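*Asks:* I'd like to go over a predicted model; first the sequence, then the structure.
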Amino acid sequence: MLILSRKNGQKIIINDEIEITILESKMDNCKIAINAPKDVKIYREEVYVQIQNANKQSESTSLADLGSLSDLMPHDKKSAPKKVILKKNSPENQ
């Protein structure tokens, strides 16, 4: 872990593409600005933890839960979706 001291207005550059600017620093609070490419995901820790927990819960979906979804789908041939079979090298698969 790298620990740095910065004053208001000073910056930290990460990997030539992420810029963190110290906007304001008070007793127990620090306001920062982050300039990063759009593909870089930036989260507050508490939001990141919530996302991770939601992902873990979705991974634990059981087959019984999936089976109950079939009860919600139409079973008559007229309203049932048609099956589409994609071949391994078909353009739709690429």
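*Replies:* Sure, I can see it.

*Asks:* Model confidence score at residue 80, please.
*Replies:* pLDDT recorded at residue 80 is 59.

*Asks:* Also residue 53?
*Replies:* 91.

*Asks:* Past the biggest strand by length in the chain, which element shows up next along the chain?
*Replies:* Counting by DSSP state E, the longest strand found in the chain is strand 18-25. Next in sequence after strand 18-25, counting helices and strands by DSSP states H and E, comes strand 30-35.

*Asks:* quick check: angle from that following strand to strand 18-25?
*Replies:* 150 degrees (axes from the mean of the first three to the mean of the last three CA atoms, to 10 degrees).

*Asks:* residues contacting residue 32?
*Replies:* 20-23 (CB atoms under 8 Å, 6 or more residues apart in numbering). All C-beta spots, glycine's among them, are computed from the backbone N, C-alpha and C.
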